[in-house]
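1. Have a look at this fold, sequence not included:
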């Protein structure tokens, strides 16, 4: 009886792990292009879709947005905010939306969408933020727990890729 119980628990555990892995893989198998973000503090971009290919770039910006433009067996051809393209293992990417502050000078982050809303704080170009959502021409972002609304034209990683 104990052996049957142990077997059933092991089988159930394997089923749960298989379902989780399948769900993660399916989440990355979408119509291209689509937005993704770097899952880890260090991610390697390669010149081809395999660990056998040379590393072209090493990114050290967890949450940095990337545009997926092609899929290939566990690898994604991505484009970074500078237009550089290369292959990244899908396990190194997440569907959590990130954005990059762009443009010249500091950008005001407001309490609500609109230039007349209260100023909460400012961010400089190059800041990586979590995208909470967008409404009309404004997006709400979060950086280290601080949130605010910024004009969509000052962000890379929003809208249709």
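-> Nice, thanks for sending it over. What you see is a predicted model; the values in this text were computed from it and never measured. Numbering: from 1, shown residues only.

2. So what sits opposite the residue nearest in space to the middle of the chain in the bridge?
-> In the chain, the centroid-proximal residue (CA atoms, centre = their mean) is residue 37; its distance is 1.7 Å. Beta-bridge pairing of residue 37, defined through DSSP bridges, involves residue 65, residue 94.

3. so how far is residue 150 from it?
-> Distance of residue 37 to residue 150, given as CB to CB, to the nearest Å: 17 Å. Placement of C-beta: from N, CA and C, glycine included.

4. Got the domain ranges for the protein?
-> Recorded structural domains for the chain (assignment: automatic domain parsing) are 1-30, 31-96, 99-156.

5. Which stretches in this structure count as helices?
-> Using DSSP state H, the helices assigned to the chain run over residues 2-28.

6. can you pull out the strands in it?
-> Using DSSP state E, the strands of the chain run over 34-38, 43-46, 55-59, 65-72, 75-79, 85-89, 93-94, 98-101, 107-110, 119-123, 128-135, 138-143, 146-151, 155-156.

7. and those strands, which is most packed in?
-> Greatest average neighbour count among the strands of the chain goes to strand 98-101 (a mean of 24), per mean count of other CB atoms under 10 Å.

8. Could you list the residues in contact with that strand?
-> Applying CB atoms under 8 Å, 6 or more residues apart in numbering, the contact partners of strand 98-101 are 37-38, 63-65, 81, 107, 123-131, 139, 141, 150, 154-158.

9. what do you get for stretch 141-159?
-> Stretch 141-159 is contacted by residues 35, 37, 65, 67, 81, 97-103, 107-114, 117, 120-121, 123, 127-132, 134, 137-140 when judged by CB under 8 Å, 6+ apart.

10. redo that, cut-off 6 Å
-> By CB atoms under 6 Å, 6 or more residues apart in numbering, the residues outside stretch 141-159 that reach it are 35, 65, 81, 99-100, 102-103, 107, 109-110, 113, 120-121, 127, 129-132, 134, 137-140.

11. ditto for stretch 43-56
-> Counting by CB under 6 Å, 6+ apart, stretch 43-56 makes contact with 57, 58, 59, 72, 75, 86, 87, 88, 92, all of which sit outside it.
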